[in-house]
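Asker: below are the sequence and a predicted model for it; my questions follow.
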Amino acid sequence: MSDPIVVALDVGGTGMKCALVRPDGMVHHEERHPTLADRGPEAVTQTILSVAESLAHRAEVDGFTPVAAGIAVPGVVDEQNGVAVWSANIGFRDVPLRDLAVARLGLPTAIGHDVRTGALAEARLGAGRGRRHVLFVAIGTGIAGGLVVDGAGYPGAHGAAGELGHIVIRFGGRLCGCGQRGCLEAEASAKSIGRRYAELASEPGATAFDVATRAARGDTLARRVWQEAVDALADGLLTAQTLYDAGVIVLGGGLAEARDDLLLPVRKAFAERVTFHRVPEIVRAELGDAAGCLGSALLALDSLKGTT
C-alpha cells in the first residue's frame, strides 16, 4: 500500500479550509473554498461531500492512500454519532454528516466541533504540546473554548461543552445573539469590540482591529473600549479556570492576532482577579487558522485507533 493520508476539512460560516494531512501531522496539500452558507444547509452539505471526495481523489493521484476523513463544523455537534445537531451560521439541523460522508467517500469519517478540533491541534501540535491540561479559547466573531486532557478533547454529554462565550459575566449587559444579556461573547468578542467602538465614536464599520491599532497609538476612546473587553475576558477566563483548572490557556482566533496588546493586559487583569486559583500560563495560539483543519486530521486518525 502507498503511504497513508487523511482528508481534513474545517467548515466555517464563510469559508472551508481543506487539506490532505499525513499521519505525522505534515500537510501535503491544502486548499480553500467558500462555504456559501446562504444557499442553505443541503447545498452546503453537498459542497462538503464534493470537496472531500475531490481531495480523496487528489490523494490517489499524488500516490497516497486516503485512509480516513475528518470534518469540523460549527455549532452543536454530536461527535459520538457523527451528527451536526445545530448551527446558526450554516443552518444545520440534525444532519447525519458522518454517515453521508462514509457513504460518499467509502472512508471512516470523524465529525468534530470546529473550536474543539482546533483545541486538539493546539494541545498536541501547537502552543499546548507537552502539557496535560490545555484550555483553548477562540476569540473571533464569537467566543468558544475546548478543553483537552492528556491529548483527548472533551465534548460534553450533548456535544455542547466549551461554550464559554455564553457565560454571563455582566448581568444586564449587552444583548447576546443567544438571547441573554451580558454574555462573554457580547462583551469581549471581536464583533462586540468593533460594534461598541463604532457606537461610541459614531463611526459605522469600525472593527476590533481598528480599536486595537488605535488603542496602541494612545487613542483614549479606543483604549477605554479595549480595556473593557480585556476586563470582561479576564472575568470569563477566571470562571473557566475555576471550572477546568487548566495548566495552560491558549488564546486563538482573530483577536489573538493583536499579540502582546491582548496577551499582556489579559494576563495582568487575570492575575488581579485570582484568589485561591492556581494561575495558568496564558499564551497565544501557534497554528493560526490551520488549527481546525489539523484537528480534523487528528480526529480522523484517532477514529482509526478507536479512541474517539
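Answerer: That came through fine.
Asker: report the buried residues of stretch 91-98.
Answerer: 91-92, 95-98 (16 or more other C-beta atoms under 10 Å). For every residue, glycine as well, the C-beta is placed using N, CA and C.
Asker: any weak-confidence spans in this structure?
Answerer: With pLDDT under 70 as the threshold, the chain has low-confidence stretches at 1, 306-308.
Asker: picking that back up, just give me the closest of the buried residues of stretch 91-98 to D10.
Answerer: Taking C-beta to C-beta as the measure, L97 is the one of the buried residues of stretch 91-98 closest to D10, at 13.4 Å.
Asker: surely that closest one touches N81?
Answerer: No: taking C-beta atoms under 8 Å as the contact criterion, L97 and N81 are not neighbours in contact, 10.1 Å apart.
Asker: pretty sure A72 sits in a helix.
Answerer: No: going by DSSP: H, G, I helix; E, B strand; the rest coil, the assignment for A72 is strand, not a helix.
Asker: element containing the residue nearest the centre of the chain, please.
Answerer: Central residue check for the chain by C-alpha atoms, centre = their mean: the C-alpha nearest the mean position is that of V115, 2.5 Å away. Assigned by DSSP states H and E, V115 belongs to helix 114-124.
Asker: on the three-state scheme, V44 is what?
Answerer: helix.
Asker: how much space between the closest residue to it other than its chain neighbours and A56?
Answerer: Counting by C-beta to C-beta, 6 or more residues apart in numbering, the nearest residue to V44 once its immediate chain neighbours are dropped is I90, at 5.4 Å. Taking C-beta to C-beta, to the nearest Å as the criterion, I90 is separated from A56 by 22 Å.
Asker: picking up where we left off before, residues touching the closest residue to the residue nearest to the centre of the chain other than its chain neighbours, list them.
Answerer: Once flanking residues are discounted, V115 sits nearest to A144: 4.2 Å by C-beta to C-beta, 6+ apart. Counting by C-beta atoms under 8 Å, 6 or more residues apart in numbering, A144 touches 115, 137-138, 162-165.
Asker: looking at these, which is nearest D289?
Answerer: Nearest to D289 among the contacts of A144, with distances taken as C-beta to C-beta, is A138, at 10.1 Å.
Asker: ok but V148 is inside a strand, no?
Answerer: Yes: secondary structure of V148 (three-state DSSP): part of a strand.
Asker: show me what it is bridged to.
Answerer: Per DSSP bridges, the residues bridged to V148 are V134, G153.
Asker: got the buried residues for stretch 122-139?
Answerer: If you call a residue buried by 16+ other C-beta under 10 Å, then stretch 122-139 has these buried ones: 122-128, 131, 133-139.
Asker: cool, stretch 69-86 as well?
Answerer: Burial within stretch 69-86, assessed by neighbour count using 16+ other C-beta under 10 Å, is assigned to 69-79, 82-86.
Asker: secondary structure element for E272, which one?
Answerer: Residue-wise, E272 maps onto helix 260-273 under DSSP H and E.
Asker: helix or strand right after that helix?
Answerer: strand 281-284.
Asker: please compute how far the top helix by length along the chain lies from its chain's middle.
Answerer: For the chain, the longest helix by residue count, based on DSSP state H, is helix 220-244. For helix 220-244, the distance between its averaged C-alpha position and the chain's averaged C-alpha position is 19 Å (C-alpha atoms, centre = their mean, to the nearest Å).
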